[in-house]
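S.K.: below are the sequence and a predicted model; questions follow.
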Amino acid sequence: MKEPDDQDTDGGKSDRSKSDERQSRSFKSATRSAMKEDYKSLEDTTDETFTEGEESYSGDNDSYMEHLERSSSSLQDDYAESTGESRYMETPVPAAEEAEEEVKKKISESFFYDYMELVSMPFVTPDSNIPLDLLTLVHSFGYDCRKRANLQLLDSNTVMYIAGNQLILLNLKTKEQTYLRSSSGRGIGVIGVHPYKTCFTVAEKGVFPKIIIYEYPSLRPYRILQDGTELAYAYVDFNYDGTLLASVGGNPDHTLTIWNWKEEQPLLRTKAFSQEVFKVTFNPENDEQLTTSGSGHIKFWEMALTFTGLKLQGFLGRFGRTATTDIEGYMELPDGKVLSGSEWGNMLLWEGGHIKIELCRAAGKPCHQGPINQIMLDEGEVITIGSDGCVRIWDLETIDTADTTDETGLLEIEPINELQVDKSVKLFSMIKMNETGNNFWLAQDTNGGIWKLDLSFSNITQDPECLFSFHSGAIEALAVSPLTYLMATTGLDCSVRLYDFSSKTPLLQMKFKQGGTALIWVPRLVSYTGGQIIVGFEDGVVRILDLYDPKGLTIFVGRKRILDADIRLKKAFKPHTAPVTALAYDRDGEILATGSKDKTVFFFEVEKDYKPIGYITTPGPVCQLMGSATSHPESTLLIICENGYVLEAPFPTVKEEEEDHDVVSYEIKDMYIKCFHFSSVKSKILRLIEIEKRKKQKELKEKEKEERRKKLAEEMGEDGERELHREEEEEEEEPLPEIFIPLTPCHILCGFYSGPGKFWVSLGGYDSGFLYHCEFPPYDRNSDITVKKDEPFDFRPVEDTEDNPIRTITFSITQDMMFCGMQNGAIRVYILSHDDLSLTHMEEYWHFNMHDNDYGCVKSLSTSFDDRFLVTAGADSNIFVFSILSEFELKKGTKAKVPSPRFGIESEPIPEDIDDPKAYSIENARRKREHDKLMKEVAEIKAGKRERIKALRNELWKLLQMNEELPKHMQFKRTDFDLDSKIRAEIDRKTANKIHQVEKELAWEKEKHHLGLMKLQNRFYV
């Protein structure tokens, strides 16, 4: 890991100085009158001006820029006055004098901020002796590929992107990472790069976040812009020559600000729109014009010098007959028109605030199958990229001169060239690489990739190359090898990935048809080499995967390049009908338990190739399973359900006899299961805390009264006592907080065993802010678990977690450190006494924000087998590896040892996988088998009865024939064969009733069709 503390500060300075010496491009004297007339009816009534000017514009560029500086200076003074600060003057200046100043003191070109004073640092409990470097970031394996504009190019070998609270600078050749931390500790909103690559912006998140401009390549903080938005920045953009910076904020204010960034002064501010704004850009041909786009809108802006001062005027684009759409990608054409994309894949050409024409392909096909995410102009050609994974090149002149020929407003055009990157790719943004003689681009793929694309479209054009592959979306589970520095992860992007975090190397990935939701590394008791992982998926399937080093296999001629590791499916089975949420082994490694959202826990016998034993039902969706430790007298399973239920079940006894085929279901009904139904006690705890607080205050007051009584008695005697009684008045105490229990139980987020029959849980919602210590009540077969309520017997307050509960917990091997993953993406480490699972000394902690604070909750975290590393995975697609404070350091070049393959693995047949998400689960398959067996038996009974009836019918016909052969006077009548005449009468009556009922039901339809027939006859046969 690199930090920018001691880097060379001279490198790249000359380039920046040269660019700084360039004169800023002159602003046009006034807005074009024709454009004003076109936009007049569309002008946004909410436009405001934040600067005032007393002098009129005379047309001279220098005087105009002086006016901008003076106007922005007064605005900056207003900000400084409101915050009570003046950053660049050594002595405070009174507000009145600031208002009278015409020109603000300029910031020195050589001025830099101190990075270490600026960035956020870990919080450590005061006087705790916990070092700030308890955890040190070693590597990041993640990439927030769905974050807008999260891939920027600094030079031909260096890209940068946001990873939670870190900005990562990645060297494409050496794969080395350099980290810059956020200053707010609340995350980073967006990044941008100066046109000359001499600096870059980091626009943060938080309460009134900063925009920090770093010089490149020294990485020193050069300028800081403040008060541009309330909570987070959504986009930033430099003008063509880099003298101005535009920023737009996110919810709730969506503020558009134009900055003179070198002087840290805002020139103009206004509200961009009432809904989410995706992007803001300057017109490359005219710095006075800007464009913003976002949710259901596009807006065109102009800087105009009015009699009240410099002003931003915004004109909202009118969609007219075209359906309103979110606009993600757009570009300004040289003549002032704007070309934008749409959600359905067509391009919209805007002129004068209206859609001039909609562009599509031949036969009405859209330009892209799905949204167009970026439109660029490069070497006289228009480039569009879409969520369909295609890059298409269009002729600029054809688009610029396009005009409608009919009322549809559509014009059909075809691309000059196109590139299909991959069917599974969803392109979000592209940046051009600075390689002379080549036309290479880097592309951001929302499905988790960074691609290198060759858009030269020649006979030597290279195929698209995936430089890096990451998880896309939330990472659901993580597990670490019990033997070496290997880590496995899975997520809803349908992939399982393997990493060597000691050498900072991704090893491989395996794709499936369903997303992964749970993962566990098979313990050494089961797989001594540590070469197996078990993954649960969202369709209820559980897969056992063999991990091995393919170099240990027999090498065949013509074999492809051998990788460092490989994965092979060993077994697949489906115990559940809903996502698998938890996996756990018993302490002896004999039984595997799987939990699911379908409210079941299934048990499997490991030794017999994971033969199903049976399942138990739970009162709620299972969120966590944990086997008891060897110190417990019995081997039990802790089952934590989301809806407030916690169960303790013994692992079932493994039966030696063969499977009983007569059993209809796998359900285990005679298991002794203890149940704890959590009842909220937070209001009682707060009440006790308030009582204790008032008690201490009362004791303090009594002590003060006693001292005052003694003093008055010495000074005034009995008169003093009477005076004191007169002064004492009964104070009415405020009522204590009321007892409150939420109507809907709060979700249990995580928990762990603290001892036999005891456990800790962390809850979200109202009950957050504490860890609760609970104990299972004695087993009672007759109790109704849905009615009973249980309360914890102890608790531990957790600081600053009212709205930020603990989501996951793990311990070091020695159990002297408790690692907590928080809802807001922070990592917290509590220092405990050795084997203190009762948390009696849970006071001192280390806390640091790492993952994204808004959507980066920590889903899983784990320590390495030797407690040297901590790895965390979050919902923001990021995976961080930390070194835990240790006197030992790994040797450079250390690699994790991948297990050798099992003997004969290459000759084993590949087991059948379960690809169909509608496939029967183990229980449903057994029930179907029993149902099919029953149906077969019923069919056999029916067939037997039919055969019996057929035999009786044949016998009857023989009797009738024999009767006919008899003489007339000896023949029986047909009615004599009826056993009971009432039976036939009853059958005839029921048949007549059924016919009558059907006639009544169809009477309306009959009449309807009869009338229709009559009308047709009257119309055609009169």
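M.R.: The structure has been received and is ready for your questions. Numbers count the residues shown, from 1 in each chain.

S.K.: find the nearest non-adjacent residue to residue 520, please.
M.R.: Spatially, and ignoring its direct neighbours in sequence, residue 520 is nearest to residue 583 (4.2 Å; C-beta to C-beta, 6 or more residues apart in numbering). Any C-beta I mention is one placed from the backbone N, CA and C, and that applies to glycine too.

S.K.: which pLDDT value goes with the one you found?
M.R.: The confidence metric pLDDT takes the value 97 at residue 583.

S.K.: just the element for it, please.
M.R.: When elements are assigned from DSSP states H and E, residue 583 belongs to strand 580-585.

S.K.: still on that earlier bit, the residue nearest to residue 520: what's it in contact with?
M.R.: By C-beta atoms under 8 Å, 6 or more residues apart in numbering, the contact set of residue 583 is 518-520, 534, 536, 542, 592-595, 625.

S.K.: chain center to the strand holding residue 583, what's the gap?
M.R.: Relative to its chain's centre, strand 580-585 lies at 22 Å (C-alpha atoms, centre = their mean, to the nearest Å).

S.K.: adjacent strands (with direction) for the helix or strand just after it?
M.R.: With elements assigned by DSSP H and E, the helix or strand that comes after strand 580-585 is strand 591-596. If you go by DSSP bridges, strand 591-596 pairs up with strand 580-585 (antiparallel), strand 600-605 (antiparallel).

S.K.: on that earlier part again, report the beta-bridge partners for the residue nearest to residue 520.
M.R.: Legend: beta-bridge partners of residue 583 under DSSP bridges are residue 594.

S.K.: pipe the strands paired with strand 591-596 into CSV and attach distance to residue 611 per row.
M.R.: Rendered in CSV, the data for these read as follows (distance: least, C-beta to C-beta, whole Å):
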stretch, distance to residue 611
strand 580-585, 15
strand 600-605, 5
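
S.K.: can you list the weak-confidence ranges in the chain?
M.R.: 1-105, 554-562, 656-662, 712-713, 716-733, 886-893, 1022 (pLDDT under 70).

S.K.: and the helices in it, which stretches?
M.R.: 13-21, 33-39, 61-83, 95-100, 115-118, 396-400, 682-716, 718-727, 922-965, 981-1001, 1003-1020 (DSSP state H).

S.K.: and the strand holding residue 583, C-alpha only, in PDB?
M.R.: Extracted as PDB, the C-alpha positions of strand 580-585 are listed here (Å, rounded to 0.1, in the frame of the first residue of the first chain):
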ATOM      1  CA  VAL A 580     -29.800 -20.400   1.400                       C
ATOM      2  CA  THR A 581     -28.700 -17.900   4.100                       C
ATOM      3  CA  ALA A 582     -26.400 -19.900   6.400                       C
ATOM      4  CA  LEU A 583     -24.100 -22.900   6.500                       C
ATOM      5  CA  ALA A 584     -22.500 -24.600   9.500                       C
ATOM      6  CA  TYR A 585     -20.700 -27.800  10.600                       C
END
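
S.K.: check what contacts stretch 445-462 and list those residues.
M.R.: With C-beta under 8 Å, 6+ apart as the criterion, stretch 445-462 contacts 143, 145-146, 151, 159, 383, 387, 389, 391, 393, 417, 419, 421, 424-428, 430, 433, 438-444, 463-472, 493, 495, 877.

S.K.: of these, which belong to strands?
M.R.: Among the contacts of stretch 445-462, the members found in strands (DSSP state E) are 159, 383, 391, 393, 417, 419, 427-428, 430, 440-444, 465-469, 495.

S.K.: so how far is stretch 931-946 off the chain centroid?
M.R.: 53 Å.

S.K.: same question, stretch 849-864
M.R.: From the chain centre to the centre of stretch 849-864 is a distance of 11 Å (C-alpha atoms, centre = their mean).

S.K.: could you do stretch 401-410 as well?
M.R.: Using C-alpha atoms, centre = their mean, the offset of stretch 401-410 from its chain centre is 42 Å.

S.K.: between the two ends of it, how far is it?
M.R.: 14 Å (C-alpha to C-alpha, to the nearest Å).

S.K.: what's next to that stretch, contact-wise?
M.R.: Contacts of stretch 401-410 (C-beta under 8 Å, 6+ apart): 321-322, 349, 355-360, 364, 411, 413.

S.K.: which of those residues fall within strands?
M.R.: Filtering these for strands - DSSP E - leaves 349, 355-360, 411.

S.K.: how about these, which pair is most distant?
M.R.: Spatially, the most separated pair among the ones in strands among the contacts of stretch 401-410 is 356 and 360, at 14.3 Å (C-beta to C-beta).

S.K.: so if I had to pick from the two, which one is more boxed in?
M.R.: residue 360 (19 against 16; other C-beta atoms under 10 Å).

S.K.: the closest residue in space to the more buried one that isn't next to it in sequence and residue 233, how far apart?
M.R.: Closest residue in space to residue 360, ignoring its immediate chain neighbours: residue 346 at 4.9 Å, by C-beta to C-beta, 6+ apart. Per C-beta to C-beta, to the nearest Å, residue 346 is found 30 Å from residue 233.

S.K.: okay, the two: which has more neighbours?
M.R.: The residue with more neighbours, out of residue 346 and residue 233, is residue 233; 27 against 21, by other C-beta under 10 Å.

S.K.: that one is in contact with residue 210, isn't it?
M.R.: No: using C-beta atoms under 8 Å, residue 233 is not in contact with residue 210; the gap is 9.3 Å.

S.K.: quick one: end-to-end length of stretch 254-274, please.
M.R.: Stretch 254-274 end-to-end distance (C-alpha to C-alpha) = 7 Å.
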